[in-house]
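**Student:** Output the structure for:
(chains A, B, C and D)
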2 protein chains.
Amino acid sequence: MIDAPDLETRAAPEDHHALRLWLRLLTCCNLIEGEIRGRLRLDFDTTLPRFDLMAQLQRAPKGMKMGELSRRMMVTNGNITGITDQLEKEGLVVRTKVENDRRSSVLKLTPQGRKVFARMARAHENWVKGMFDGLPEDSRDALFKGLGELKLQVVSRRAEDK
Amino acid sequence: MIDAPDLETRAAPEDHHALRLWLRLLTCCNLIEGEIRGRLRLDFDTTLPRFDLMAQLQRAPKGMKMGELSRRMMVTNGNITGITDQLEKEGLVVRTKVENDRRSSVLKLTPQGRKVFARMARAHENWVKGMFDGLPEDSRDALFKGLGELKLQVVSRRAEDK
DNA sequence: TATTGTTATACTCTATAACTATA
DNA sequence: TATAGTTATAGAGTATAACAATA
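**Tutor:** Here you go, the predicted structure:
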């Protein structure tokens, strides 16, 4: 066993199972996310939110409205404006105007943005594969399924509350 | 199916299984963490790092050195100093000096800190239970086991790299 | 009136690096 | 020389709220 103190050590043996599960989930996520953030910074001098925004655009060849990005990334409009400003200054995305609604902007990757993102996405995928590929196939399947159920659970509770 | 666009929509069907698994993990974690952060803010006017620090101290009746907190919370010494300053100002923790090493500080919860933390911890546990308890027992077990494997995997890779 | 996006502001968290005091 | 903690600094990310233009 590796001696790696971490957040999960905050759990006590008598704690409720759900709590221990949550702390383990959080620890895993933080470890992996930290690894990815660090590498994005080191190898590509960028951040996770910038990468996420570009990933969303990559999946939307016709571009995406800023409000839609805000919903998907679950941050406020103002934040999207800020991240977009940076990316546009670097020539990676571009705001375009739509015909029927002059309030809206549609964001698209520039050719340069597509090129840069392709390189980042390839590296990113390799990092992730490296971290997950040691897991037995059935564990991966079980995780995927369990997390799917968990997500539904959490999302539907949120919908109830509002 | 609930229409809730989120980070996971960034995955494409052709993406590697590991990548889809990671995005789902990240989405779950962000949803739950956001919920907890929001409630900590609303109900107790505090933050997750502050709560985490107090949780660590709660588990260490004799207190804990700041360096140890830094390792467990995986942040730098300077950050621990900052969070500690806030909590000490609010009378929730206290720095104490140790006999044999005058450089070190040992942090402890004050009686007031223990009282406040107990209330927060109870509420926190209920939030978490509420989010996880809808999961079938075998799904929870599978998640716990799979995440344990994943954590080992990631931690040991980190150890190799350094 | 409601919506889209922008701006201004403030705050938390974070890391880096230089520093003090002790060991 | 090394370690424990502090300080100073800078930057990212976040939310809130007021705002302009448009629907």
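**Student:** what's the helix or strand for A:Lys67?
**Tutor:** No, residue A:67 isn't Lys; it's Gly. Here A:Gly67 sits within helix A:66-73, counting by DSSP states H and E.
**Student:** for the record, mean pLDDT for that helix?
**Tutor:** In this model, helix A:66-73 has an average pLDDT of 94.
**Student:** what's it in contact with?
**Tutor:** For helix A:66-73, contacts defined as CB atoms under 8 Å, 6 or more residues apart in numbering or on different chains pick out A:49, A:52-53, A:56, A:76-77, A:79-81, A:84, A:104-105, A:107, B:5-7, B:9-10. In short, each C-beta sits where N, CA and C put it, glycine included.
**Student:** Pull out the buried residues from it.
**Tutor:** Neighbour-count burial for helix A:66-73, counted by 16 or more other CB atoms under 10 Å in any protein chain shown, picks out A:Met66, A:Glu68, A:Leu69, A:Ser70, A:Arg72, A:Met73.
**Student:** Quickly check: that helix near DNA strand C or not.
**Tutor:** Yes. Counting by CB under 7 Å from any atom of the strand, DNA strand C has neighbours in helix A:66-73: A:Met66, A:Gly67, A:Glu68, A:Ser70.
**Student:** With respect to chain B, which of those residues is nearest?
**Tutor:** Within these, the smallest distance to chain B is 7.4 Å, found for A:Glu68 (CB to the nearest CB).
**Student:** any idea how far that closest one lies from A:Leu53?
**Tutor:** According to CB to CB, to the nearest Å, A:Glu68 stands 11 Å off from A:Leu53.
**Student:** same check, this time on A:Asp43
**Tutor:** For A:Asp43, the distance to A:Leu53 equals 18 Å [CB to CB].
**Student:** Of the two, which one has the most company?
**Tutor:** Neighbour totals were compared for A:Asp43 and A:Leu53, and A:Leu53 leads with 29 against 13 (other CB atoms under 10 Å in any protein chain shown).
**Student:** where does chain A have its least confident helix or strand?
**Tutor:** Lowest by mean pLDDT, DSSP states H and E among the helices and strands of chain A is helix A:137-161, with a mean of 88.
**Student:** Could you point out the longest helix of chain A?
**Tutor:** Identified as the longest helix of chain A according to DSSP state H is helix A:17-44.
**Student:** That one near chain B anywhere?
**Tutor:** Yes. Using CB under 8 Å from any CB of the partner chain, helix A:17-44 comes into contact with chain B via A:17-22, A:24-35.
**Student:** if we can go back for a sec, following the helix holding A:Gly67, which helix or strand shows up next?
**Tutor:** Proceeding N to C from helix A:66-73, the next assigned helix or strand is helix A:77-89, under DSSP H and E.
**Student:** Could you list the low-pLDDT ranges of chain A?
**Tutor:** Applying pLDDT under 70 to chain A flags the ranges A:1-5, A:12-15, A:161-162.
**Student:** Around DNA strand C, which positions in it sit nearby?
**Tutor:** Where chain A comes near DNA strand C, counting by CB under 7 Å from any atom of the strand, the residues are A:65-68, A:70, A:77-78, A:80-82, A:84-85, A:95, A:101, A:103-106.
**Student:** Produce a PyMOL select command limited to the buried residues of the residues of helix A:17-44 next to chain B.
**Tutor:** The PyMOL command for the buried members of the residues of helix A:17-44 next to chain B (criterion: 16+ other CB under 10 Å) is given here:
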select buried, chain A and resi 18+19+20+21+22+24+25+26+27+28+29+30+31+32+33+35
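**Student:** Quick check: closest non-adjacent residue to the most centrally placed residue in chain A.
**Tutor:** Central residue of chain A (CA atoms, centre = their mean): A:Asp52, 5.4 Å from the mean position. Excluding its sequence neighbours, the residue lying closest to A:Asp52 (CB to CB, 6 or more residues apart in numbering or on different chains) is A:Met73, at 5.9 Å.
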